[in-house]
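Asks: With the input below, show me the fold.
(one chain, ligands or ions: 1)
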Amino acid sequence: MASVRVAVRVRPLNKREKKSKVIVRMKDNTTSLVQAKVPVQGDGAKTFAYDFSYDSTDRKSPDFVSQKKIFQDLGVDVLHAAFQGFNACVFAYGQTSSGKSYTMMGEAADKGLIPRICEGLFCEISARNEGDSMSFHTEVSYLEIYNEHVLDLLNKRPSSAPKGGLRVREHPVDGPYVENLSRHVVQGYGDVGELMATGNANRTTASTGMNDASSRSHAIFTIHFTQARFDSELPCEMLSKIHLVDLAGSERADATRATGTRLKEGANINKSLVTLGSVISALADMSDKQATKKQTFIPYRDSVLTWLLKDSLGGNSKTIMIATISPADVNYGETLSTLRYASRAKSIVNSPTVNEDASVKVIRELQEEIARLRGLLDQASQEVPLTSSSTLVVEERLQQSETKVLELTKEWTNKWWETENILKEEILALRKEGSGVVLDSQLPHLIGIDKDLLSTGVIIYHLKEGRTLVGSDEASDPQDIALLGPGQRGEHCVFENRSGAVSLIPHGGDAPCLVNGVEVTRPCQLNQGAVIQLGQATIFRFNHPTEAAQLRQERQNGQPSSLSLSMTDLSKSNQNLAKWMLLHPR
Ligand SMILES: Nc1ncnc2c1ncn2[C@@H]1O[C@H](COP(=O)(O)OP(=O)(O)OP(=O)(O)O)[C@@H](O)[C@H]1O
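Replies: Have a look, this model is predicted:
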């Protein structure tokens, strides 16, 4: 069991609040709000105690709390939890313009928690890589909930964004998840930095009466972190999910002077936040009622936000809430409401557990069974003899369990190392898209389409800068791509990559080369999507990632596409190919 930990952070006065009085005071872990206008006895301060109270109002003050200090207090704990195999969540809650995005994402010159956690994660991974035999695998996803619709911030292709947003579903064991949300494998902070920049640029922001760049959506950045190793011959695999959440501002329409679209956004933002409030309240009630064992209904499904954060609130996660507030007297009401909200959240009790891979769990259970059966046999030989038929049954079960453990361990090891080896080629990136896996490469490449029906797997040949020789074992010089098959010659052709422009140079004679079904006898520049046939049985598809990205951009901008191979061309090319095959039977 672990209570949600709560921190409150107050930011400096901003230019809109220049004439305002500072009404927030912090001492140790307490935050006090002074009622400036109606002083009752004393200063009428309302005081709340939290796990941390961070005063970031004045950089020059000795009490000033920096982004770094917040990472050291909260971010380091998130990393500890992740390396121990727990899920973790940090969410920032507060009024518009109170500093949620600043605390979570920060600025280039003064990074916030999300980039610092990612940096810390890779720092720790490289330190551990040097020491023990642990392997690590990290993927990230980034989504926003805008007007109750889930949008993928890392995959904005119009074709893949369904109307009404992505669907949220619930797995019986793993809990709620977003269907078809893209996940990206990352190997270092550089990769994450790029993805974060893309996602942040895609996020819905707008200028409101209170913030020039106000986040109009709730954003969830998730790190899926897996660690694996052999622990005294036993595989050990732990998975943890780290949700880092920047909520949209809780706001009053009059304060933000919202109308039209901004007002509708505000209503939807409030719907999620009101539900978040109800969930927090219900969970707090539940922990109060723990002694009376009364069941409380938790309205997780009333908003997309609370549904997706179900595990983080009252479930399997170590969770931290950061409540951000303005120091100004003009925001007294909003600040008091945030402080009360945060106070309520302190009573939520979660039940984090170490997340073990399912097949590893089976292996561990079988190992325990093996130890028990061995014990039985040992005992039988010394103290309580078993009948010969019972001994046979135990021995048979022992053998079955041992075989199963060997099989499962081999399977698990292969699966893990295969992924690792592919990813070591830094130019390749694997990402999950729906139920499929997309293999992305930054270099121009050929994808082999094998005509052999028994062939499985996908072959990718990178076409690096310079010449790539294609032929067979019969060539006098070794070939970069050696092919087998009818019509294949020792030195068949060359692919030449000159600063990204790739050409096919046929050797001619009886070494046929076809591009989009048309035989080429002279050097021919290749375009994205070209279908290439070498000899009679080898077919490749040519991909040029940079060109493809450029064409995608043109298409999105509504520019006439310079894509040379349209769908009609493609079917024409298939017809040509079929004709050629008829004329050149094997
Ligand atoms: N601790 C801080 N130190 C310095 N500047 C800050 C701090 N917190 C916030 N700011 C500044 O205040 C402004 C508003 O902050 P931010 O955009 O993070 O607010 P927000 O709560 O995310 O707002 P919204 O809900 O509208 O998106 C920004 O210009 C930001 O740089």
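
Asks: just the helices in the protein please.
Replies: 67-70, 76-83, 100-104, 113-131, 189-202, 253-256, 260-289, 304-308, 332-345, 358-382, 388-424, 545-556, 567-583 (DSSP state H).

Asks: Of those helices, give the one that comes closest to Leu244.
Replies: Comparing these by their distance to Leu244 (Cβ to Cβ), the top pick is helix 113-131, with 4.9 Å. In this view, the C-beta of every residue, glycine as well, is placed from N, C-alpha and C.

Asks: Could I get the buried residue list for the closest one?
Replies: Using 16 or more other Cβ atoms under 10 Å as the test for burial, helix 113-131 gives 113-122, 124-125, 128.

Asks: does Gly487 really touch Glu519, like I thought?
Replies: No. The criterion here is Cβ atoms under 8 Å, and Gly487 misses it with Glu519 at 11.8 Å.

Asks: Need the residues touching each of the two.
Replies: Common neighbours of Gly487 and Glu519, counting by Cβ atoms under 8 Å, 6 or more residues apart in numbering, are Pro512.

Asks: Pick out whichever of those two has more residues nearby.
Replies: More crowded of Gly487 and Glu519, by other Cβ atoms under 10 Å: Gly487, with 17 against 14.

Asks: Do I have it right that Phe48 meets Thr31?
Replies: Yes. Contact criterion Cβ under 8 Å: Phe48 and Thr31 qualify, at 5.3 Å.

Asks: Look up the residues that both of those two are in contact with.
Replies: Taking Cβ under 8 Å, 6+ apart as the contact rule, Phe48 and Thr31 both touch Val8, Leu339.

Asks: Give me every residue in this protein lying close to the ligand.
Replies: 11-12, 14, 56, 94, 96-102, 211, 214-215, 248-249, 324 (Cβ under 6 Å from any ligand atom).

Asks: and the residues you listed, which are buried?
Replies: Burial of the residues of the chain next to the ligand was assessed by neighbour count (16+ other Cβ under 10 Å); the buried members are 11, 14, 56, 94, 96-102, 211, 214-215, 248-249, 324.

Asks: Of Phe48 and Thr31, which one has the most company?
Replies: With neighbours defined as other Cβ under 10 Å, Phe48 and Thr31 compare such that Thr31 has more, 29 against 19.

Asks: any idea how far the ligand is from the more buried one?
Replies: When distances are taken as Cβ to the nearest ligand atom, to the nearest Å, Thr31 and the ligand turn out to be 15 Å apart.

Asks: check contacts around that residue.
Replies: Val8, Val10, Val24, Arg25, Thr47, Phe48, Tyr50, Ser53, Ile325, Leu339.

Asks: In PyMOL, select just the buried ones from these.
Replies: For selection in PyMOL, the members of those meeting the burial criterion (16+ other Cβ under 10 Å) are listed in this command:
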select buried, resi 8+10+24+25+48+50+53+325+339
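
Asks: Inside strands: which ones of the contacts of Thr31?
Replies: Per DSSP state E, strands hold the following members of the contacts of Thr31: Val8, Val10, Val24, Arg25, Thr47, Phe48, Ser53, Ile325.

Asks: rewinding a little: out of the buried residues of helix 113-131, flag the one nearest to Asp473.
Replies: Ranking those by separation from Asp473, with Cβ to Cβ as the measure, puts Ile125 on top at 41.6 Å.

Asks: so the closest one touches Phe136, yeah?
Replies: Yes. Because the distance of 4.8 Å satisfies Cβ under 8 Å, Ile125 is recorded as touching Phe136.

Asks: looking at the helices of the chain, which has the lowest confidence?
Replies: Summarising mean pLDDT across the helices of the chain, the least confident stretch is helix 253-256, with a mean of 42.

Asks: returning to that earlier point: make JSON lines out of the buried residues of helix 113-131 and add distance to Leu151.
Replies: JSON lines is the format used below for those (distance: Cβ to Cβ, whole Å):
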{"residue": "Leu113", "distance to Leu151": "22"}
{"residue": "Ile114", "distance to Leu151": "18"}
{"residue": "Pro115", "distance to Leu151": "22"}
{"residue": "Arg116", "distance to Leu151": "25"}
{"residue": "Ile117", "distance to Leu151": "23"}
{"residue": "Cys118", "distance to Leu151": "21"}
{"residue": "Glu119", "distance to Leu151": "26"}
{"residue": "Gly120", "distance to Leu151": "28"}
{"residue": "Leu121", "distance to Leu151": "25"}
{"residue": "Phe122", "distance to Leu151": "27"}
{"residue": "Glu124", "distance to Leu151": "31"}
{"residue": "Ile125", "distance to Leu151": "30"}
{"residue": "Arg128", "distance to Leu151": "35"}
